Each structure stands twice: as structure tokens, then as C-alpha cells.
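1. build me a model from this:
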Amino acid sequence: MIAPAIPVGIGVYSLFASFEADSRIPRFLVREARVILAAGIVLAFVVAFMMSMAIVHMVKTERFAKAFALGEIFIVIKKIGWVKYISWLMEVFMFAIFWCVLGLTPIVGWFILLIIQPIFGVFLSRSAALLYADAVTSTPPVVSLENKFCIACGAQIPSAAVYCPLCGKSQSG
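-> Residues are numbered from 1 along each chain as shown. Model (predicted):
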């Protein structure tokens, strides 16, 4: 998140510096502070959008380079479903906002955060891994070994049945 931090830092600094009468920063930064800040915020959201699934992709494939395989990550997000993925990100974002607001409460909020922070980290990691697992792994159809199908009528019957309980036909062929 260093790349988005640079324009956000420049934008915030320029905005606050523009309130001073004898500002020592270049005029173009003062005038364009809002644009720089907005670009940094958008860049931060794009990086965060990809980063959560990139980390899970890296862990699940056990290869560091897979964290930067943007094509594969987009495919995983597409398999998850864009609406489902963005909804998940929004839920995580809402939890994070609550967590940050709680951290603003001195002493009591800090002690509560000591309990909530690890739980939030586990929730975030586990939910991202479950989203990834739903998209990447598909379960094959379950074939029951306890049943077979009647050779005459096609009904599902116990595997030890000699005659079909529905049509009465012999299963010995």
C-alpha cells in the first residue's frame, strides 16, 4: 500500500498547507491537491480490491509469484462473482470502519480492540479463504455406493437387491 500512500500523503499535506499564508510548497501542488488526493484514494481502493484475493491466491498455490498473477486473480474473482466479491469487500470495510471508530475511544476502546483485532483478523482471513475455495474447487457429483439402479425400470434400489422392489424384475441380468 506504499504506492497509494504517496499521492494520499502529498494530497493531505497540500490541503493542510494551503491553509497557511506563507506556504513553502509549490503552487501547482496546492491547486491540484484535491486531484492528487482523489487519485491516491482511488489507487488505494484498486490495490485493496486486488490485494485480499491475491494474498489468498498466493497462500493456496504456495507460490509467492502467484500474488502478482493478476490474470489468474481476475479469473478467481470472476468465478466468485463480482457482486458477491464486492459485497464481501463492503462487509469487511464496514467492520473495519467500526474497528477504527472503536479505536478512537481512549483506554476502554483500546482494551476492547485487544480482543476484537485478532478475531477480526481471523474472520477476514477465513472468509477470504472460503470465498476462494468456493470459486476454485468444485465438488464432483456424489455417487452412492449403497444403491444401484434397476435394469428394467431404472429405479434406485439397494445394491444387495436381487429383485427390484418397484417392478419386481430380477437384477441378475
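2. quickly list the domain ranges of this structure.
-> 2-136, 143-173 (automatic domain parsing).
3. could I get those domains as a markdown table with mean neighbour count?
-> Quick note: C-beta positions are derived from backbone N, CA and C, even for glycine. Formatted as a markdown table, the domains of the chain follow (neighbours: other C-beta atoms under 10 Å):
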| stretch | mean neighbour count |
| --- | --- |
| domain 2-136 | 14 |
| domain 143-173 | 12 |
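4. redo these as TSV? Include mean pLDDT.
-> Below are these laid out as TSV (pLDDT from 0 to 100):
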stretch	mean pLDDT
domain 2-136	82
domain 143-173	82
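5. ok, which stretches of this protein are strands?
-> All strands of the chain, identified by DSSP state E, fall at 147-149, 156-158.
6. nearest residue to the spatially most central residue of the chain other than its sequence neighbours?
-> By C-alpha atoms, centre = their mean, the chain has its centre lying nearest to residue 128, at 4.3 Å. Counting by C-beta to C-beta, 6 or more residues apart in numbering, residue 56 is the residue found nearest to residue 128 once chain neighbours are left out, at 4.9 Å.
7. same question for residue 79.
-> residue 135 (3.7 Å).
8. so how far is residue 89 from the one you found?
-> 15 Å (C-beta to C-beta, to the nearest Å).
9. now swap in residue 82 and tell me
-> 10 Å.
10. also residue 49?
-> 7 Å.
11. which residue packs closest to residue 136, ignoring adjacent ones?
-> residue 76 is the one closest to residue 136 (C-beta to C-beta, 6+ apart), at 6.4 Å.
12. ok, that neighbour touching residue 55?
-> No - if you go by C-beta atoms under 8 Å, residue 76 and residue 55 don't touch, sitting 11.9 Å apart.
13. what do these two both touch?
-> Shared contacts of residue 76 and residue 55, defined by C-beta atoms under 8 Å, 6 or more residues apart in numbering, are absent.
14. please give me every residue in contact with residue 92.
-> 52, 124, 127.
15. which residues does stretch 74-90 contact?
-> Here stretch 74-90 has contacts from 48-49, 52-53, 57, 127-128, 131-132, 134-136, using C-beta under 8 Å, 6+ apart.
16. from these, which ones fall inside helices?
-> The members of the contacts of stretch 74-90 that map onto helices under DSSP state H are 48-49, 52-53, 57, 127-128, 131-132, 134-136.
17. how about these in CSV, adding distance to residue 66?
-> Formatted as CSV, those follow (distance: C-beta to C-beta, whole Å):
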residue, distance to residue 66
48, 18
49, 17
52, 14
53, 11
57, 5
127, 20
128, 15
131, 16
132, 12
134, 18
135, 15
136, 12
